[in-house]
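# please work out how this folds:
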Amino acid sequence: MSQFFQIHPENPQARLIKQAVEILRNGGVVIYPTDSSYALGCSIGNKTGIERIRRLRQLDDKHNFTLACRDLSQLGLFAKVDTQSFRLLKTHVPGPYTFILNATREVPRMLLHPKRRTIGLRVPALPIAQALLAELGEPLMSVSLIMPGESLPMSDPYEMRQLLEHQVDLIIDGGYGGLEASTVINLADGEPEVVRVGCGDPQAFVESA
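You can find the predicted model right below:
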């Protein structure tokens, strides 16, 4: 049976954030809100957690996971960022974007694209996600909460509780979530390429390409 925390979307309660991070550090799988939609997350080295998320979402080993980072400097530990990419990131981070970049050696092999050493990274702007990442002190391994056979992410925390309370360790209720995943931008090959249009405006990346 999972725990269910109601956390204020603008002023997250520090006590509940600490408890949520404790669950993550102990190997838990957590549902948490981002500025695009709700996501499934676990700590970066949690191999069992990653397998649980794969099973829950019915993902194969080719599906790219995303590292949710606290800020641009943390993102820079896990991705190789050239000057042009840095300018784009600085303008659009934090926000509802996922960036595909070439990974550094800090990224565990199990999170990498199987053919290319790339990784998706994002810095969510939502206060709950920011508070979790600040308390955790490392990125969260994340995927959008889109169930098998569905095209949209789950948005109602009470529906999540009914459906998933035996499959995750914690559900964070931060209010109704968005119905779009993040916009995905590939920066790994130099020129920006819009891979998926979600809730972040892709126009700036089309213009700079």
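# please, which helix or strand holds the closest residue to T66 other than its chain neighbours?
Spatial nearest neighbour of T66, chain neighbours left out: G120 (4.0 Å); criterion: C-beta to C-beta, 6 or more residues apart in numbering. Bear in mind the C-beta positions are built from the backbone N, C-alpha and C, glycine included. Using DSSP states H and E, G120 sits within strand 118-122.
# other SSEs contacting the helix or strand following that strand?
Next helix or strand after strand 118-122 toward the C-terminus (DSSP H and E): helix 127-136. Packed against helix 127-136 by the contact rule (3 or more C-beta pairs under 8 Å, 6 or more residues apart in numbering; DSSP states H and E) you find helix 14-25, strand 30-33.
# show me the contact partners of the longest one.
It stands for helix 14-25. Applying C-beta atoms under 8 Å, 6 or more residues apart in numbering, the contact partners of helix 14-25 are 3, 5, 7, 30, 32, 41-43, 128, 131-132, 135-136, 140, 169-170, 172.
# try it again with 7 Å
Identification of contacts with helix 14-25 by C-beta atoms under 7 Å, 6 or more residues apart in numbering yields 5, 7, 30, 42-43, 131-132, 135-136, 169-170, 172.
# quick one, it and helix 127-136 angle?
Computed by axes from the mean of the first three to the mean of the last three C-alpha atoms, to 10 degrees, the angle separating helix 14-25 from helix 127-136 equals 60 degrees.
# so where's this structure uncertain?
Along the chain, the parts satisfying pLDDT under 70 run over 114, 207-209.
# where do the helices of the chain begin and end?
Ranges of helices in the chain, per DSSP state H, are 14-25, 47-57, 72-78, 83-92, 127-136, 157-164, 203-208.
# quick one, which of the ones you listed gets closest to I146.
The minimum distance between I146 and these falls on helix 47-57, with 7.1 Å, by C-beta to C-beta.
# mind listing what the residue most central in space within the chain touches?
The centre of the chain sits closest to S142, judged by C-alpha atoms, centre = their mean, with a distance of 3.8 Å. For S142, the contact set (C-beta under 7 Å, 6+ apart) comprises 39-41, 65-66, 68.
# now it, which residues is it bridged with?
Taking DSSP bridges as the rule, S142 bridges to G41, T66.
# about what we covered before: buried deepest among the helices of the chain, which one?
Greatest average neighbour count among the helices of the chain goes to helix 127-136 (a mean of 21), per mean count of other C-beta atoms under 10 Å.
# circling back: possible to save the helices and strands packed on helix 127-136 as TSV with distance to R109?
Shown next, in TSV, are the helices and strands packed on helix 127-136 (distance: least, C-beta to C-beta, whole Å):
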stretch	distance to R109
helix 14-25	21
strand 30-33	23
